[in-house]
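J.: The sequence and its predicted three-dimensional model are supplied below.
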Amino acid sequence: MALNRYNGMQDVMPNTFSSMLDRFFNESVNSRNFAGFTPHVDACETEEGFEIELALPGVKKEDISIDFQEGKLTISGERKLEKKEEGRRYHMLETQYGSFSRSFYLPDKVNPDQISAQLDNGVLLVTVPKDENKTKKRQISISSGTETQKASVGKGKSTAKLATATSENGKEVHA
């Protein structure tokens, strides 16, 4: 007995030509063999940071790589097809295997040193916290032109005294 894929067209013909074309293209796209696969992603922002969840059933953590460079978070890896038994002949193989790579551009207000990842039950959760110093609200005071000149003259004298008082590796430095 051969297994045949049920595509739904046997029972009811579509009501419109447009729905028939939609069904045709959806069925042909879903039945193609892919060299790789694209995991499904859920991404959200919280007050503390960003959370990115990837559906990676059957992928081992050793087969996943997470890189962050210049504001771009890249998650890549491979889902391997492991042959379990000799003599099996697949009639249908809809699960996608192969390598994958997903990239996300994050705003500059994130803290890349605190990025963490956890793989649990085939779901990879990547947490990217926001940098508190970059997200903190600050009130900027406005000064007049005369206050700025007085402040810069006063700062010149105090910075010279400060330069002689600073120390580097426990030694006094004179400017």
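T.: Looks like it arrived, so ask away. Numbering: from 1, shown residues only.
J.: other SSEs contacting the helix or strand residue 54 falls within?
T.: Using DSSP states H and E, residue 54 sits in strand 49-55. With contacts defined as 3 or more Cβ pairs under 8 Å, 6 or more residues apart in numbering; DSSP states H and E, strand 49-55 has these neighbours: strand 41-45, strand 72-79, strand 123-129. Yep, even glycine has a C-beta here, placed from its N, CA and C like the rest.
J.: ok, and what's touching stretch 118-136?
T.: Outside stretch 118-136, the residues that touch it by Cβ atoms under 8 Å, 6 or more residues apart in numbering are 48-59, 61, 64, 66, 73, 75, 106, 108-112, 114-117.
J.: In that stretch, which of the residues would be classed as buried?
T.: For stretch 118-136, burial by neighbour count (16 or more other Cβ atoms under 10 Å) applies to 124, 126-131.
J.: now the end-to-end length of it.
T.: For stretch 118-136, the first-to-last residue distance is 28 Å (Cα to Cα, to the nearest Å).
J.: Now do it, average pLDDT.
T.: Here stretch 118-136 scores 89 as its mean pLDDT.
J.: what residue ranges in the chain are flagged as low confidence?
T.: Filtered on pLDDT under 70, the chain yields the residue ranges 1-15, 17-36, 83-84, 135, 147-175.
J.: Could I get the full set of strands for it?
T.: For the chain, the strands defined by DSSP state E occupy 41-45, 49-55, 64-69, 72-79, 98-105, 116-120, 123-129, 167-168, 171-172.
J.: What residues of the second one count as buried?
T.: Neighbour counts over strand 49-55 (16+ other Cβ under 10 Å) mark 49-50, 52-54 as buried.
J.: what do you get for the fifth one?
T.: Buried positions in strand 98-105, judged by neighbour count with 16+ other Cβ under 10 Å: 100, 102, 104.
J.: who does the closest residue to the second one other than its chain neighbours bridge with?
T.: The reference is to residue 102. Using Cβ to Cβ, 6 or more residues apart in numbering and skipping residues adjacent in sequence, the residue nearest residue 102 is residue 75, 5.1 Å away. Beta-bridge partners for residue 75, by DSSP bridges, are residue 66, residue 102.
J.: Residue 75 touches residue 115, doesn't it?
T.: No: using Cβ atoms under 8 Å, residue 75 is not in contact with residue 115; the gap is 11.0 Å.
J.: any common contacting residues for those two?
T.: With contacts taken as Cβ under 8 Å, 6+ apart, the residues that reach both residue 75 and residue 115 are 66, 126.
J.: Looking at these two, which is more packed in?
T.: residue 75 (21 against 17; other Cβ atoms under 10 Å).
J.: Using JSON lines, please lay out the helices and strands packed on strand 49-55 together with distance to residue 142.
T.: Shown next, in JSON lines, are the helices and strands packed on strand 49-55 (distance: least, Cβ to Cβ, whole Å):
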{"stretch": "strand 41-45", "distance to residue 142": "32"}
{"stretch": "strand 72-79", "distance to residue 142": "37"}
{"stretch": "strand 123-129", "distance to residue 142": "32"}
